[in-house]
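>>> Sequence plus predicted model, see below.
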Amino acid sequence: MESTALGWWGVPIAVIAGALRVSIPFLFVSLGECLTERAGRINLGLEGILVMGAMAAYAVSYVTGSPWLGVLVAGIAGMSLGLLHGWLCGLQRVNDIAIGIGVMMLGTGLAFFMGKPFVQPKAPTLPALNLGAWSDSPQIQAALQINLLLPIGLVLALLLHWALRHTRWGLVLRITGDSADAARAMGYSVNGVRTLATSAGAFLAGVGGAFLSLYYPGSWNEGLSSGQGLMAVALVIFARWHPLHCSWAALLFGGASALGPALQSVGMTSGYYLFNAAPYVLTLAIMIATCSPRRTLAGAPGELSVVR
Amino acid sequence: MSNKHSLAGRRDFIKQVAGMGVLTAIGPAMLGRAFAADKIVVGVIYVGPRDDFGYSQAQAQAAAAIKRMLGVTVVEQERVPETADVQKVMASMIEQDGASIIFPTSFGYFDPHAVKMAEKYPDVRFAHCGGLWTAGKHPKNAGSYFGYIDECQYLNGVAAGHATKSKKLGFIAAKPIPQVLRNINAFTLGAQSVNPAITTQVIFTGDWLMPVKEAEATNSLVDQGVDVITMHVDSPKVIVELCERRGISVCGYHADQSALAPKGYLTGAEWNWITPYTEHVKAAMSGAAMNNFLRGGLKEGFVKTSAYGRAVSEGARKNADAVKAKMMKGEFAIFKGPIKDNAGKTVIATGTTQKQTDVVLEQMNYLVRGVIGKV
Amino acid sequence: MDTSAIANSMRRMAEVLLVPLGALTAALVVFGVLMAAIGKNPFEVFALIYKGGFGSAFAWQNTLQRAAPLILTALCVALPAQAGLVVIGGEGALVLGGLSAAFIGAHLTGVMPVTTWLAMAFIAMLVGGAWMAACGALRYYRGVNETISSLLLTYIAIALLNHLVEGALRDPASLNKPSTTPLPESHLLGAIPGYDIHWGLVLGLLACVLCHVWVRSTVHGFALRVVGGNVRAARLAGLPVGRLILVACGIGGAMAGLAGMVEVAAVHGSANASLIAGYGYTGILVAFIARHNPIAIVPVAILLGGLNASGGMLQRRLDLPDATVLVLQGIAFLMVLASETLYGRAKIFQPRRG
């Protein structure tokens, strides 16, 4: 029987396939955080919002039978947590980094708490697009089997990029992020804009979480997320707050996450823990390389507490 | 408002508050006493959620069966990490719930945690799953039970050997510990009994519950041409579902996952923990001595196999059933020499047979010839 | 004048105590409503929480045992916070400190237990301190946000622990649970005589007192707080900001490393994956609720230790998932953080003149 194995070719294909699959949560979460940070606020609670979104999506998909409805509800659940974050940060003297950690704890706790009954049952998952139908090789076919959320996410990135530059709302957002005084002088409520941005960002993060539970790995349990929400925050800094750069960075991170198992499958078996840590090392290295103490990061919103 | 009135009113009020206070204070205590009214309280501790379609679920099924026994109350706690926490949980079950037999179900609970607690509470029995209880080294009220599920993995291997077209099998495992290695080897030996040229590719994910890594591992294996996969992770759900989606066959583990993969499920290796649980609880209730080293395979009813799926051919069924019948009579040895490991060294010499009960098997540290991977 | 000054300081103290207490009470109310919403009697829940955490001598020992590591890991957050940094990497410092302590402890042969403990503590504090000081250095010299870098370093530390425990430092006899070579029985840190709690609690209390004295009463500590209050002013005053940041992070990391050493010496006897127990994360909670005050960390750690201890009861008696305690912690955390806004608002706490 002829072998259909790819040998060492399997590694780059796995990395690309991983990039296409695993990058989607990174993409949505980082786009959401990009929006939030452009308005001058940092939301570290994305990890909790992601997990909450995953649970909500799975639960709704199971109960109603419609995975897309699950995605929508996941976004709404994320948005509510984002509203909470925004409102709390709007109070005087409240540290938004600490609130982010609190939202992370609350989101994770609530998701596990409410999600207990949904660990076992099997919910309908999101459908896939078969982009690889042209190939005879089943591996390439499987690698190019992407979810609709990927093109949606990429289009969203383009949209955000255009909106931030060319629309009035984008301008308002950027002004609020660069100089709160200027925004106030123009008559806009700084807190209002930031809360809206946080909520929109959290909506996207919830959708990112929905992808995890409804497509890949396609199941709800308590080990689903491993810091992807937090990595997305670092990703945004790496991408210099450009939505388009966020997409590239998300693909890069997705590929890095797939490296470990891919290498093992061709026989490089030692040190798999270190390979699994590759995305974190990558993030740290990037942050070290691109940050500078003297002036705030080029392109950073002036009001962001992280870079002041 | 006259003084007498208010004084009486205040006294009544105080009495009411005091009454409520006393009730809230002793209420929980009454709850505790009601607990001990049953003949025996059994404590079960899980490392993961009870409904994980895997390891903890298999244990929980046994606990649920025990609950139905007359005079037995079961208290359960899940998601207890393998740290000092579990000692406190065990102690809480004993002191606060009055448990007289505890089932710590995760491997890492044994040493030092269950051992320490056994020394501290000599009247309570500790029936640990999988631990290497050694006479003289560990206290008499601690003991371990385990099942020879590698027999079922061998049968998985036989079914896989018949089903595979590419002659490449895959095994996704958490960590390279002896229990896992034994399963990998049994699976491979079973498949090689059908065709000695079959190979098994192993991927270690690093921990017992890593859904994203398990999914990636499944995809990598399938990309490499593997067409039957099995696993040893806490919750096989993700791997089974993904195999079904990619259209390859899968053998289950821990519990029955056939509902998740109607097309590709061949058969599975399942625990039947109800057997050791019942034995331990009955012994505790009657005061009989505790069996410190309880082991059993298919023959004793400690493990079982899932029903064959649609994809299993007639020939495969006959083959597997024949081997199973021999195992049921105790006439089949999986680890029979000569066996070489995947580095070429002979690990079991010609003519030597290691029976299932041989303790040396519980310290396995090699992978047999034909397994691609490193310990 | 004197009496009004005393009254004013009493007002300030009242504010500092009552606002967080009020926040915690409000959190309990919200939690109670949540419990009622899912059909459980909130009073029953509270009674069980009390019983599980504080209702008997056994419960108290359970609580104190859990509080011990929390005190040390909370210091890992509270000390850099004095310098204005938000460092949340205690978990990473703990595991690496524990790993190095286990390595040293197992290989030092022929010495008295006390020597072993001192050596273990030293190396654990060194490694943990260096790990967190790296965050501080990255922040000061490269402008990298310390919250994110400390979190990333935690994940990396856990990967290193797993890699070394299963690889280079693995004890060949530890088959089914890969661990480092175990400490000899005689060298394990025992329990406080008469109680079921190990000496880690005493170490934690000692550390808190020392840190409190350092931060509040020494010039060095004062300089640290100036940096935390206003970096520019500190620079203008000529304070060595970089060094102060490194010291604060380093000592914080050393505390977390010490917690790791205690886990190894008193609980496990060797380093393995069980070291990753989440104490670092709960420590974040403790530090914030205690508003980064080393002395306040002790009662808050005990409170959180009690909450965690009672989680088991909630599971066993009311069939509530173990995430219940996590939810309560999240609500409490957010409430306490939100209550920051109340300082200086209530008239009753304001200092009066004359």
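On my side now, so go ahead. Predicted model only: the values in this text are computed from it and were never measured.
>>> got a list of what the residue positioned nearest the centre of chain B touches?
Geometric centre of chain B, nearest residue: residue B:55, 4.5 Å, by CA atoms, centre = their mean. Residue B:55 makes contacts with B:47-48, B:105, B:208, B:234-235, B:254, as judged by CB atoms under 8 Å, 6 or more residues apart in numbering or on different chains. The C-beta positions use only the backbone N, C-alpha and C, and glycine is treated the same way.
>>> and the stretch 251-375 of chain B, which of its residues are near chain A?
Residues of the stretch 251-375 of chain B lying close to chain A (CB under 8 Å from any CB of the partner chain) are B:259-260, B:372-374.
>>> If we use 10 Å, what do you get?
B:259-260, B:372-375 (CB under 10 Å from any CB of the partner chain).
>>> Just flag the most distant two among the residues you listed.
B:259 and B:374 (34.7 Å; CB to CB).
>>> which one of the two has more residues nearby?
Per other CB atoms under 10 Å in any protein chain shown, whichever of residue B:259 and residue B:374 has more neighbours is residue B:374, with 15 against 10.
>>> Can you give me the pLDDT of that one?
As predicted, residue B:374 sits at a pLDDT of 81.
>>> Show me where the stretch 151-300 of chain C dips below the pLDDT cut-off.
Within the stretch 151-300 of chain C, the stretches with pLDDT under 70 are C:175-176.
>>> In it, which residue sits nearest chain A?
Here the stretch 151-300 of chain C gets closest to chain A at one residue, residue C:159, 3.5 Å apart by CB to the nearest CB.
>>> Can you pull the phi/psi pair for that residue?
phi -60, psi -40 (degrees, to the nearest 10).
>>> Identify the residues contacting it.
A:271-278, A:280-281, B:206, C:92 (CB atoms under 10 Å, 6 or more residues apart in numbering or on different chains).
>>> Out of the residues you listed, list just those in helices.
A:272-276, A:278, A:280-281, C:92 (DSSP state H).
>>> And those residues, which is closest to residue B:230?
residue A:272 (19.3 Å).
>>> Count the neighbours of the closest one for me.
23.
>>> Name all residues that make contact with it.
By CB under 10 Å, 6+ apart, residue A:272 lies in contact with A:259-261, A:263-264, B:203-206, B:213, C:159, C:162-163, C:166.
>>> These in strands, which ones?
B:203-204 (DSSP state E).
>>> so which of the contacts of residue A:272 comes closest to residue A:223?
Of these, the one sitting nearest to residue A:223 (CB to CB) turns out to be residue B:213, at 9.5 Å.
>>> Need the nearest residue in space to that closest one, chain neighbours excluded.
residue B:205 (4.3 Å; CB to CB, 6 or more residues apart in numbering or on different chains).
>>> quick one: that neighbour and residue B:221 touch, right?
No: Residue B:205 sits out of contact with residue B:221 when judged by CB atoms under 10 Å, with a separation of 11.9 Å.
>>> hey, where'd the helices end up in chain A?
A:10-38, A:46-64, A:67-90, A:96-115, A:138-143, A:149-166, A:168-178, A:180-185, A:190-214, A:228-238, A:243-265, A:272-276, A:278-290.
>>> wait, I meant chain C
Applying DSSP H to chain C gives helices spanning C:2-37, C:42-54, C:57-82, C:90-107, C:113-142, C:146-166, C:200-217, C:219-229, C:231-236, C:241-262, C:279-289, C:294-318, C:323-338.
>>> closest to residue A:43 out of those?
helix C:146-166 (12.2 Å).
>>> how far is the closest one from where the chain is centred?
Counting by CA atoms, centre = their mean, to the nearest Å, helix C:146-166 is centred 18 Å from the centre of its parent chain.
>>> and that helix with helix A:96-115, angle?
Orientation of helix C:146-166 against helix A:96-115 (axes from the mean of the first three to the mean of the last three CA atoms, to 10 degrees) gives an angle of 50 degrees.
>>> Let me see the mean pLDDT of stretch C:329-343.
pLDDT averaged over stretch C:329-343 gives 85.
>>> Tell me if it is near chain A.
Yes: for stretch C:329-343, a contact with chain A is found by CB under 10 Å from any CB, at C:329-343.
>>> can you pull the buried residues of that stretch?
Neighbour-count burial for stretch C:329-343 flags C:329-340, C:342 (criterion: 16 or more other CB atoms under 10 Å in any protein chain shown).
>>> and which of the residues of the stretch 251-375 of chain B next to chain A is nearest residue B:328?
Nearest to residue B:328 among these, with distances taken as CB to CB, is residue B:259, at 26.3 Å.
>>> contacting residues for the closest residue to that closest one other than its chain neighbours?
Counting by CB to CB, 6+ apart, residue B:259 lies nearest to residue A:122, which is 7.6 Å off, once chain neighbours are set aside. By CB under 10 Å, 6+ apart, the contact set of residue A:122 is A:58, A:62, A:218-220, B:53, B:237, B:241, B:259-260.
>>> same check, this time on residue B:319
B:155, B:158-159, B:161-162, B:190, B:193-194, B:313.
>>> Equivalent analysis for residue A:69, please.
A:57, A:60-61, A:63.
>>> Could I get the pLDDT score of it?
91.
>>> Can you get me a residue count around residue 124?
Since you didn't name a chain, this refers to chain A. 15.
>>> sorry, should have said chain C
By other CB under 10 Å, 32 other residues sit near residue C:124.
>>> Please verify my assumption that it contacts residue C:257.
Yes: between residue C:124 and residue C:257 there is a contact at 4.1 Å, judged by CB under 10 Å.
>>> shared neighbours, these two?
C:93-94, C:96-101.
>>> How about the most centrally placed residue in chain C, nearest residue that isn't a chain neighbour?
Nearest residue to the geometric centre of chain C (CA atoms, centre = their mean): residue C:74, 2.2 Å. Residue nearest to residue C:74 in three dimensions, not counting chain neighbours: residue C:286, with 3.9 Å by CB to CB, 6+ apart.
>>> next one: residue C:137
Spatial nearest neighbour of residue C:137, excluding adjacent residues (CB to CB, 6+ apart): residue C:246 at 6.1 Å.
>>> any idea how far residue A:109 is from that neighbour?
Taking CB to CB, to the nearest Å as the measure, residue C:246 falls 34 Å from residue A:109.
>>> Could you check the pLDDT of residue B:185?
Per-residue pLDDT puts residue B:185 at 94.
>>> Correct me if wrong, but residue B:270 is in a strand.
Yes: assessed with DSSP: H, G, I helix; E, B strand; the rest coil, residue B:270 lies in a strand.
>>> Which strand or helix spans the residue nearest to it when sequence neighbours are not counted?
Leaving aside its chain neighbours, residue B:270 sits nearest to residue B:304 (5.2 Å; criterion: CB to CB, 6+ apart). Element membership for residue B:304 (DSSP states H and E) is strand B:303-305.
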